[in-house]
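A.B. asks: Could you work out the structure for the sequence below:
(chains A and B)
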Number of protein chains: 2
Amino acid sequence: MKYSKPRGTRDFLPGEMAARRYVEQMIRRVFIRFGYKEIATPTFEHLELITAKSGEDIVAHLYHFKDKGGRDLALRPELTAPVMRLYVNELQNSPKPLRLYYFGNCFRYERPQAGRYREFFQAGVELIGSSSPEAQAEVIALVNAVLEELGIREYELHIGNIGILRKILAENGIGEEVQAHIMGVIDKGDEAQLEEELNRLELPEEEKEVILGVLELKGRRGEVVERAEALLAGRESVLKELRSFEEILDALESFGVKNYHLNLGIARGLDYYTGMVFEVYAYKLGAEKQICGGGSYSLAEVFGGKPVATSGFAFGFDRLLLALEKEGVKLPDTERTLFMVIPMGRELVPYAIEVASLVRRSYVCELEVMRRKVKKALAYADAKGIPYVILVGEEIKEGKVLLKDMRAKEQREVNVEELESVLAAIAKGNP
Amino acid sequence: MKYSKPRGTRDFLPGEMAARRYVEQMIRRVFIRFGYKEIATPTFEHLELITAKSGEDIVAHLYHFKDKGGRDLALRPELTAPVMRLYVNELQNSPKPLRLYYFGNCFRYERPQAGRYREFFQAGVELIGSSSPEAQAEVIALVNAVLEELGIREYELHIGNIGILRKILAENGIGEEVQAHIMGVIDKGDEAQLEEELNRLELPEEEKEVILGVLELKGRRGEVVERAEALLAGRESVLKELRSFEEILDALESFGVKNYHLNLGIARGLDYYTGMVFEVYAYKLGAEKQICGGGSYSLAEVFGGKPVATSGFAFGFDRLLLALEKEGVKLPDTERTLFMVIPMGRELVPYAIEVASLVRRSYVCELEVMRRKVKKALAYADAKGIPYVILVGEEIKEGKVLLKDMRAKEQREVNVEELESVLAAIAKGNP
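C.D. replies: Purely as a prediction, here's the structure:
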């Protein structure tokens, strides 16, 4: 092969792309129904925007480069920072809340593996301007609505609260930067490194145990809250954080979402989360099981804006598709060709063009343009799974064509004037 | 402003993005009806793929960089080369013809101006596997169908044939590379430079005059063909090229496309065109008036594949939108919020959430999540142009809500059980 696609990237072929667009449209429809409006940002941003608050792991895997004007640019590794940059630049004075959604590609130079690509796609939202429990619950409910709409069955929604851990660390005199670093270590799931980092901070043994204990709090709401209250007894400001968290859960239940797990071990790999965080896992995907992640954060002030409460999430679009595939969900081919028009001789081409133009007013129709013998053109239609062929022969001069049902192997003569209604009946039976 | 978007790029805001998606969908529908299937390629490619045959001007404005593995990569400046790379890698053995379409972003480091951005969008097709006149005509007819569907009125479709000039140059012993360079100069429209280049080639005066004469051949078909035949008298192989070109025009007229101009001065800025070429101009756009360009070309062999006849085009998507805007075409807001649900007190939030969830099953509905007073929430609805508000007050406990028409300034009580049918009637009147 003389030229190949760059390692870790993908080509999307016909059929596959139609399925992707179909799923994209389904997601888009749910976002829109919740009142979210699409925005889009450039594929690359100034490097410093991306490094400002992205988390160590993301910065280590950036595609960055200088443009011909000497600017340091980076392909976006995620979309929350660009969206908040757009908000600060363009929308800070708009009525609140702002409900924004995006669908876009992101880039990370990582070791390619199943479900992990160097160019990948995210679909997500940001709800800007409210810290109310119902605002935070809304974004989780939206995730749930998308998953229900897509028909994904085997997933788990885990909700945590980074604020509890941050508060414990803060009360031990640990600043935000070190907190963020610790969160990154927790997110990576490397327990040995976490122990080491906590030892380095020289925390009292009891504090270390409380921190590690919080990370273990996983399960159903009632049980987790009970265990948390016991573990955090006497720490009033931390317990206050827990009670605010419960208000979000109450609102979430009003949204009809009850099938969630509490998981106080979620830390998220991005530095800007402040309180509620959540992740969705599709276990069938193996190691790269996370299909969605999000939470509440504060980022506008990092980009020179006024602080504003924000909640959001991003779906890993490629993984959603993998999850659907693993579950055997059959996606319709929205680009399927229903009809093909074949001229039965070179001099009949102009007639065939006219018939094809007529059919195309309403239906997907290919025209034979290869000047093949009819038999070969029919073999092509068969190979491509085109179910109906319209043969344009000498009878066209009396206003007639031959309509061939490729599966039933039947054909009949149809008057061109009646063609539209005949095809309409066929199309109705082949949605 | 602490961080801005990179120079020459754009942020797309709500409303604007909905309009873009609407136009994208219209284009997509026409492509699909003609039997084209979507494919997608990575945002960046190996640099050498892009420089292989892109034309000097494009190579001079590339965004290129090394990835962390030392690979030379470039952000794609156009999509035909990537699509043909995909074809050679993945689809060479598929039944022909292949009808492929794409919608994607491209990147060129050029001086930003109206209608010219460093990141821009192209929508295009490639018809691979046939050199028949009807195949070549089909892609032009498809361009015309898209423009008709969009409702653009003030455009001119110019069709030329690069094969005629190439043949004259070839018969003067000028190789393909120099031919390509000359085409690039013609494409730029710099007449002085063209004269200079032709002088440097030391062509006989008569040949130079024929070449410059061909470039002047513009107008209606009958007249241009007549003048071309006089100019090219005695040059049999060139006249043969002209006759093949006329077969394409015959087929195009069968497609119902008759409003075109012949223009033998079109050269295109890309090196791989071989014969028929065309461009569409929307003169209202000023200097950056070209909204579409395409033609027939041969590129697979450059990428290590078997030679295959191909025709294609790309729309400049951003310029299509500009042209629609200049013509005052009003695009619908497909993401418009029709309903907003407002709780009339904190304790009513759970009820409001449930009502909003009900409305959202079918309609776009925002929930008040700011814990504002009702008056302030109504002011927000007004500012956002949301036409109907559902107030959830104490009456919800008897299964009733207040439905408020923001424009008529009327409100009425509605039973929650009847809400769906009442909203359906409203939605019908607000498409």
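A.B. asks: what's the worst-scoring helix or strand of chain A on mean pLDDT in contact with?
C.D. replies: Here the helix or strand of chain A ranked lowest by mean pLDDT, DSSP states H and E is helix A:56-60, holding a mean of 82. Applying CB atoms under 8 Å, 6 or more residues apart in numbering or on different chains, the contact partners of helix A:56-60 are A:50-51, A:77-78, A:108, A:181, A:184, A:187-188, A:269-270. Just so you know, the C-beta spots here come from the backbone N, C-alpha and C atoms, and that holds for glycine as well.
A.B. asks: The residues you listed into JSON lines, with extra columns for neighbour count?
C.D. replies: Below are those laid out as JSON lines (neighbours: other CB atoms under 10 Å in any protein chain shown):
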{"residue": "A:50", "neighbour count": "25"}
{"residue": "A:51", "neighbour count": "17"}
{"residue": "A:77", "neighbour count": "25"}
{"residue": "A:78", "neighbour count": "21"}
{"residue": "A:108", "neighbour count": "20"}
{"residue": "A:181", "neighbour count": "15"}
{"residue": "A:184", "neighbour count": "21"}
{"residue": "A:187", "neighbour count": "20"}
{"residue": "A:188", "neighbour count": "14"}
{"residue": "A:269", "neighbour count": "18"}
{"residue": "A:270", "neighbour count": "26"}
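A.B. asks: give me the low-pLDDT residue ranges for the stretch 151-300 of chain A?
C.D. replies: Within the stretch 151-300 of chain A, the set of residues satisfying pLDDT under 70 comprises A:269.
A.B. asks: Mind doing that once more with 90?
C.D. replies: Across the stretch 151-300 of chain A, the ranges flagged by pLDDT under 90 are A:176-191, A:195, A:203, A:267-274, A:286-288.
A.B. asks: In contact with the residue in it that chain B sits nearest to, which residues?
C.D. replies: Across the stretch 151-300 of chain A, no residue is closer to chain B than residue A:254, which sits at 4.1 Å (CB to the nearest CB). By CB under 8 Å, 6+ apart, the residues touching residue A:254 are A:134, A:137, B:349-350, B:353-354.
A.B. asks: Identify, from these, the entry nearest to residue A:103.
C.D. replies: Among the contacts of residue A:254, residue A:137 lies closest to residue A:103 (CB to CB), at 23.2 Å.
A.B. asks: just the CA coordinates of the helix or strand encompassing that closest one, formatted as PDB?
C.D. replies: Secondary structure assignment for residue A:137, by DSSP states H and E: helix A:133-150. Written as PDB, here are the backbone C-alpha positions of helix A:133-150 (Å, rounded to 0.1, in the frame of the first residue of the first chain):
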ATOM      1  CA  PRO A 133     -29.900  20.400  42.200                       C
ATOM      2  CA  GLU A 134     -32.400  20.200  39.300                       C
ATOM      3  CA  ALA A 135     -29.900  21.700  36.900                       C
ATOM      4  CA  GLN A 136     -27.300  19.200  37.900                       C
ATOM      5  CA  ALA A 137     -29.900  16.400  37.800                       C
ATOM      6  CA  GLU A 138     -31.100  17.500  34.400                       C
ATOM      7  CA  VAL A 139     -27.800  16.700  32.700                       C
ATOM      8  CA  ILE A 140     -27.800  13.200  34.200                       C
ATOM      9  CA  ALA A 141     -31.400  12.700  33.200                       C
ATOM     10  CA  LEU A 142     -30.400  13.700  29.700                       C
ATOM     11  CA  VAL A 143     -27.700  11.000  29.600                       C
ATOM     12  CA  ASN A 144     -30.300   8.500  30.700                       C
ATOM     13  CA  ALA A 145     -32.800   9.700  28.100                       C
ATOM     14  CA  VAL A 146     -30.200   9.300  25.300                       C
ATOM     15  CA  LEU A 147     -29.300   5.800  26.400                       C
ATOM     16  CA  GLU A 148     -33.000   4.800  26.600                       C
ATOM     17  CA  GLU A 149     -33.600   6.300  23.100                       C
ATOM     18  CA  LEU A 150     -30.700   4.400  21.700                       C
END
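A.B. asks: Identify the residues contacting the residue of the stretch 101-250 of chain A found nearest chain B.
C.D. replies: Residue nearest to chain B within the stretch 101-250 of chain A: residue A:135 (3.9 Å; CB to the nearest CB). Contact analysis of residue A:135 by CB under 8 Å, 6+ apart lists A:97, A:127, A:309, A:311, B:369-370.
A.B. asks: Stretch A:272-287 and chain B in contact?
C.D. replies: No. Stretch A:272-287 does not reach chain B (CB under 8 Å from any CB of the partner chain); its nearest approach is 14.0 Å.
A.B. asks: mind checking how far that stretch is from the chain centre?
C.D. replies: Mean-position distance between stretch A:272-287 and its chain equals 13 Å (CA atoms, centre = their mean, to the nearest Å).
A.B. asks: Same question for stretch A:212-230.
C.D. replies: 30 Å.
A.B. asks: which other residues reach stretch A:325-337?
C.D. replies: Stretch A:325-337 is touched from outside by A:14-15, A:18-19, A:21-23, A:150-154, A:282, A:284-285, A:324, A:364-366, A:384-386, B:32, B:35, B:37-38, with contacts defined as CB under 8 Å, 6+ apart.
A.B. asks: got the CA coordinates for it in CSV?
C.D. replies: Taking Å, rounded to 0.1, in the frame of the first residue of the first chain, the C-alpha atoms of stretch A:325-337 are listed here in CSV:
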residue,chain,number,x,y,z
GLU,A,325,-22.9,-3.4,18.1
LYS,A,326,-22.0,-5.6,21.0
GLU,A,327,-25.6,-5.7,22.0
GLY,A,328,-26.6,-6.7,18.5
VAL,A,329,-28.8,-3.6,17.9
LYS,A,330,-29.5,-3.5,14.2
LEU,A,331,-29.3,0.0,12.8
PRO,A,332,-31.3,0.9,9.7
ASP,A,333,-29.4,1.8,6.5
THR,A,334,-30.8,5.3,5.9
GLU,A,335,-29.0,5.7,2.6
ARG,A,336,-30.1,2.4,1.0
THR,A,337,-30.7,2.5,-2.7
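A.B. asks: If you count neighbours, what's buried in it?
C.D. replies: By neighbour count on 16 or more other CB atoms under 10 Å in any protein chain shown, the buried set for stretch A:325-337 is A:331, A:335-337.
A.B. asks: Could you work out the most separated pair of the residues you listed?
C.D. replies: Between all members of the buried residues of stretch A:325-337, the farthest pair (by CB to CB) comes out as A:331 and A:337, at 17.0 Å.
A.B. asks: Can you give the domain ranges for chain A?
C.D. replies: Following automatic domain parsing, one gets these domains for chain A: A:14-326, A:339-428.
A.B. asks: which of these sits most buried?
C.D. replies: By mean neighbour count, with neighbours taken as mean count of other CB atoms under 10 Å in any protein chain shown, domain A:14-326 ranks first of those at a mean of 19.
A.B. asks: Distance from that one to the middle of the chain?
C.D. replies: For domain A:14-326 - counting by CA atoms, centre = their mean - the centre lies 13 Å from the chain centre.
A.B. asks: Quick check: end-to-end length of it?
C.D. replies: 20 Å (CA to CA, to the nearest Å).
A.B. asks: got it, and stretch A:332-351?
C.D. replies: Terminal-residue distance, stretch A:332-351 (CA to CA): 33 Å.
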